[in-house]
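coords please:
(chains A, B and C)
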Amino acid sequence: MELLEIKDLGKRFGGLQALSEINLSVMKNTVHAIIGPNGAGKSTLLNCIVGKLMPSSGSVMFDGYSLLGRSAHEINQLGISRVFQTPEVFGDLNVLENMLIPCLAKRDGAFRLHALKSIDDEKQLREKAEDVLEDMGLIDKRHMKAASMSRGDKRRLEIAMCLAQDPKLLLLDEPTAGMARADTNNTIDLLKRIKQERDITIAIIEHDMHVVFSLADHITVLAQGTPLVSDTPDNIKGHPKVKEAYLGETQQV
Amino acid sequence: MDSIILQILNGLDKGSAYALIALGLTLIFGTLGVVNFAHGALFMIGAFCAVTLNRILTLSHQVIDNTRTDFLGNPLKVDIPYIYDFFGENIGRAIIDWSVPLSILFAIPIMIAIGVIMERGLIRHFYHRPHADQILVTFGLAIVLQEVIKFYYGANPIPSPAPEAFKGSFDFGALVGFDPNTIIYPYWRLVYFCFSLIVIGAIFAFLQFTTFGMVVRAGMADRETVGLLGIDIDRRFTIMFGIAAAVTGLAGVMYVPINPPNYHMGMDFLVLSFVVVVVGGMGSLSGAVLAGFMLGILESFASMREVIDLLPGINQIIIYLVAIIILLTRPRGLMGRRGVMED
Amino acid sequence: MFKLNKKDLRTLIIVILLALFAPFLLNPFPTDSALAQFNAGYPDLMQRFVIFGIFAVGFNILFGLTGYLSFGHAAFLGAGSYAAIWMMKLLTMNIIPAIIISVIVAGIFSLFVGWISLRRSGIYFSILTLAFSMMSYQLAYSVLTPITGGETGLQPKVNDPRLLDGALAEGAIPKANLFGLDMSQSYDMSLGAWSFTFNSGYYIAAAFLILSFYLSIRIFRSPFGMMLRAVKSNQQRMTYTGLDPKPYTLAAFVISGMYAGLAGGLLVAMDTQAGAERMFWTASGEVVLMTILGGVGTLIGPVLGSGAIKYMENIISKINSDILHTWFAFLPDGLENVIVAIIYPFIGKGWHLTLGLLFMIVVIALPGGLVEGAQRLSRLFKKGKNKSNENE
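Numbering: from 1, shown residues only, chains lettered A, B, ... in the order given. Below you'll find the predicted structure:
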């Protein structure tokens, strides 16, 4: 069953056609990778899904709702959580507080004036937050200020914040960019585990072929703003068009 | 028709002041990315340079004049400025008469020095602090500068007249074919307008045609890259701060005959000059100049009797109103680039 | 207790004690001693301590938590003052309706200004709020004179309608009261060489400060307060976490505007007059100063900051050169004159110079304000203690 369905999507910036005729379906409980050379339009596509950019044409359906014209926070409330290329966390707040915010957002919606309630009384949310932190191996750092954590830990925290919302779709924007090999492998293992243990769909934009082929159930190759092929990893590997457009003859897969 | 021309002329002198101050402010914004709340104080210090020179020139010693007597019949004591002793009475009198224009020469080195000291001593350490900190520390500095001036010059406005040759008004209307006495315009305001055009022209030419200006403009666009080219951009920015201070100070010097300077004139102009910069577009030099003149003229139109009858109080708030509308509909201002200073 | 944790409860108790015993704490010097001019325990000044404390505590909810620097909050204080005076003119000299209406009017006004200004952030937001407050000031001075009294300002007059109060005798002065308790009523207590003044108006204002301070603690520790800190920290992450930052910021803006209105209403309750100069942008600058000086984003900072600034404003500005000469009379004449000449620019009318310098020093060297300074001192102290323990 399709969770996210993009039809005939196009995006123009003035005279530049950044995306055209994008047709793409992300099936439930799969990991769908979107790859492509620089400037292929991967980030633009992502921004069109999460509500940062308004597509010029086409439609984006998610779980029965149209995403067009919705703002970023509404789209998140529908069940799409996003992980950024450089980890975005609340640097001035400690780890536990970082976790409580998505928990509150999940429970109370986009805005609620709980000005006289004490945060210490939110026992249930706290338990939930600590569960996820435990799961992600961050429980010992819960009183640490987020800004002072290592990049790898920030990435973990960011993923934990997304998971705390129990999203239907987790969007990852180059989650291993700039990471050392060991950190990359850890992240792959983490994502594999998340995929197995949770009822979750993952869409991932990635440069690193190692990451893509370790995780993806399905791969879409973008080139010059339009999908080249969309198929299983095995078929993509041998696809002549893909080799030509993106991987190059010498690239090891 | 004649009343429209009159309002435009009336707006020009205030517009010139706005344009010059905003130009200086933009040089600092654009080159250094610093929000300088002490900028109004520079304008005020410029004006007090003129006051100071006037005081220096009129330093006197007392001489007993035996040819005249006071009302008690004693010989009259007369103050003779030292400058009469040096140059003779006629030339001395002329020099004192021209003290305001002469202050330009006096003010330029002083203002540059103040600007450089400010940048080296204080502002430099705030490049990487949040804008709120920059606002706050320069706000503190503005208070200090204003209080120092108040301590030495007192709280009352100090009038310093324009040279005799530029006193009074002329009939602009008669010159261009309207009925006589419909458009009367003071000479000094015309002088101020021309002066501001010369300064603005000089700054633009300087940035456009010298290699120094080229580097600074490149630095405004992309500071890091210019730094990577091995150019000492920091030193150039210090000099730019000095120049910005000089431009603002000169605006103050020449404004003295129009408006006798007092210690709080800087604060009075500060808010307005920020509004001008925002309307013109953060970081755009031509925007600052354009917005300065535009708001000056708009303000004078809003003070017309007909307009006030229609919209009471509009003359008091027109500038703020324009600023709010511009900020909401076109946040980068008339000519600004997108995203400057937008956190 | 009061749904506060131990640390917050301790802070609250400190503020309560400070407020209750202010008449003693601020008059530490015997009345006839040379140092008596440092006494600040007279009603007028004590009232201003707590009223501006309320103003700064509210401002800190906006600036301290969200990081949005408003340069226009004096406009809300002014609006609150005008509203309170009108209540005293039309309804009753009882301060309760006046204070309620001042909070409401300031709230509505700040909702309007905030709704527009919060479309922009950073320096643009600051300039928008500045423009709004300057517009309010200019209008209050000119066109709105029928409502604001223009240059002369507003005072309750004998023949105002005052629907709830009985008519006053000709020539009587309408006095602000709380169900008959006159705001200017004081009780003087003499203890030996010392004397202390207990003023009813002060204690009512102090009660409001304690209540406001308690509310601000609750807001700081609430989910809402955490969201405000999230606004300051990372709005992008907030949006992609399904939260809309704007209503949160606007709510903080309105709450701080209502605090400003309360302060404005109390100013009128203590001294029944209002003028446009209350709205001038330097007045907005002053509350920024108080917050920064005390410590932005800390609970008790704004209270300390407003106290320090109002104290300086009133005490330093009263010192003159004669007083300086008596202080340094023990020095040789020449030295005495030199020292007096050096200090003189910083006192009396020059107290603004001291203020400006202090302000720069705080921003440069102590961005956390007095609170951070105190923390550093106590850490230094503890360190020293530990070291001496190790030596033993």
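
Name the residues of the stretch 51-200 of chain B found near chain C, please.
By Cβ under 8 Å from any Cβ of the partner chain, the residues of the stretch 51-200 of chain B that approach chain C are B:122, B:125, B:131-133, B:135-137, B:139-144, B:146-148, B:150-151. Every C-beta, even on glycine, is put in place using the N, C-alpha and C of the backbone.

Of these, keep whichever come out buried.
B:122, B:131-133, B:135-137, B:139-144, B:146-148, B:150-151 (16 or more other Cβ atoms under 10 Å in any protein chain shown).

Mind splitting chain A into its structural domains?
A:1-79+A:168-253, A:89-166 (automatic domain parsing).

Kindly reformat these as CSV containing distance to chain B and mean pLDDT.
Output for the domains of chain A, formatted as CSV (distance: least, Cβ to the nearest Cβ, whole Å; pLDDT from 0 to 100):
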stretch, distance to chain B, mean pLDDT
domain A:1-79+A:168-253, 13, 86
domain A:89-166, 12, 92
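
Format the ones you listed as a markdown table; extra columns: distance to chain C and mean neighbour count.
Listed next are the domains of chain A as a markdown table, based on distance: least, Cβ to the nearest Cβ, whole Å; neighbours: other Cβ atoms under 10 Å in any protein chain shown:
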| stretch | distance to chain C | mean neighbour count |
| --- | --- | --- |
| domain A:1-79+A:168-253 | 4 | 17 |
| domain A:89-166 | 4 | 19 |
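
how much space between the closest residue to residue C:194 other than its chain neighbours and chain A?
Of all residues beyond its chain neighbours, the one nearest residue C:194 is residue C:30 (5.5 Å), with distances taken as Cβ to Cβ, 6 or more residues apart in numbering or on different chains. Counting by Cβ to the nearest Cβ, to the nearest Å, the separation of residue C:30 from chain A is 45 Å.

Residue C:30 looks like it's in a strand, true?
No. Residue assignment for residue C:30, taken from DSSP: H, G, I helix; E, B strand; the rest coil, gives coil, which places it outside any strand.

what's near enough to touch it?
Contacts for residue C:30 were tallied using Cβ atoms under 8 Å, 6 or more residues apart in numbering or on different chains; they are C:36, C:192-194.

same thing with residue A:224?
Listed by Cβ under 8 Å, 6+ apart, the contact set of residue A:224 reads A:39-41.

export these to TSV and tack on distance to residue B:235 and secondary structure?
Written out in TSV, the entries for those read as follows (distance: Cβ to Cβ, whole Å; DSSP: H, G, I helix; E, B strand; the rest coil):
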residue	distance to residue B:235	secondary structure
A:39	38	coil
A:40	43	coil
A:41	43	coil
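
quick one: which of the residues you listed is nearest residue B:198?
Checking those against residue B:198 by Cβ to Cβ gives residue A:39 as the nearest, at 48.7 Å.

what's the spacing between the nearest residue to that closest one once chain neighbours are set aside and residue C:354?
In space, and not counting its chain neighbours, residue A:39 is closest to residue A:224: 7.9 Å by Cβ to Cβ, 6+ apart. When Cβ to Cβ, to the nearest Å is applied, the distance between residue A:224 and residue C:354 equals 66 Å.

So residue C:196 sits against residue C:189, correct?
Yes. With contact defined as Cβ atoms under 8 Å, residue C:196 and residue C:189 form a contacting pair (4.9 Å).
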